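Undergrad: kindly generate the corresponding structure for this input.
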Amino acid sequence: MSNFLEQFIEDVKTNVPGYVAVTITEVSTGVCYVSNSEKKDFDPEIASAYNLEVVKAKQNAIKALGLKSNIQDILITLNNQIHIIDLSENGEYFIYLAVDSSKANLGMTRALLKKYKKDVVSQL
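TA: Numbers count the residues shown, from 1 in each chain. As a prediction, the model looks like this:
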């Protein structure tokens, strides 16, 4: 694994309150560049595969509606977790982050994700 990906995972694990799992996945192929989970029963690569379908469905909806917009992020709130699917500006990959909603603050989580993805954006 590349140093910048290792550093990204470490930064997110260490600094995002309620951290559960994270992946970086290529949209065109579904290839997961990197993944990590704090929970043995939470497979982030399976989650990313399904979230890829969410991304593609939303992209198709935007196209069908004739909107001149790109997805910035997709927020999925569960009763005990928050899932953020953050697309790169060029739409080539997304970062998927899951956090425990009882320990996380949505605003802080989004701000930290934006902070730590800067190195990933410059390298991918």
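Undergrad: hey, let's count contacts and neighbours off CA atoms from now on
TA: Fine.
Undergrad: quick check: beta-bridge partners of S35?
TA: S35 has these beta-bridge partners by DSSP bridges: T23.
Undergrad: now the strands for this protein?
TA: Counting by DSSP state E, the chain has strands at residues 19-26, 32-37, 73-77, 81-87, 93-100.
Undergrad: dump those strands into TSV; add mean pLDDT, mean neighbour count and distance to V121 as well.
TA: Formatted as TSV, these follow (pLDDT from 0 to 100; neighbours: other CA atoms under 10 Å; distance: least, CA to CA, whole Å):
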stretch	mean pLDDT	mean neighbour count	distance to V121
strand 19-26	97	23	11
strand 32-37	96	18	13
strand 73-77	96	14	15
strand 81-87	96	22	10
strand 93-100	97	24	10
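Undergrad: using JSON lines, lay out those strands together with distance to E45.
TA: Converted to JSON lines, those look like this (distance: least, CA to CA, whole Å):
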{"stretch": "strand 19-26", "distance to E45": "7"}
{"stretch": "strand 32-37", "distance to E45": "7"}
{"stretch": "strand 73-77", "distance to E45": "17"}
{"stretch": "strand 81-87", "distance to E45": "13"}
{"stretch": "strand 93-100", "distance to E45": "10"}
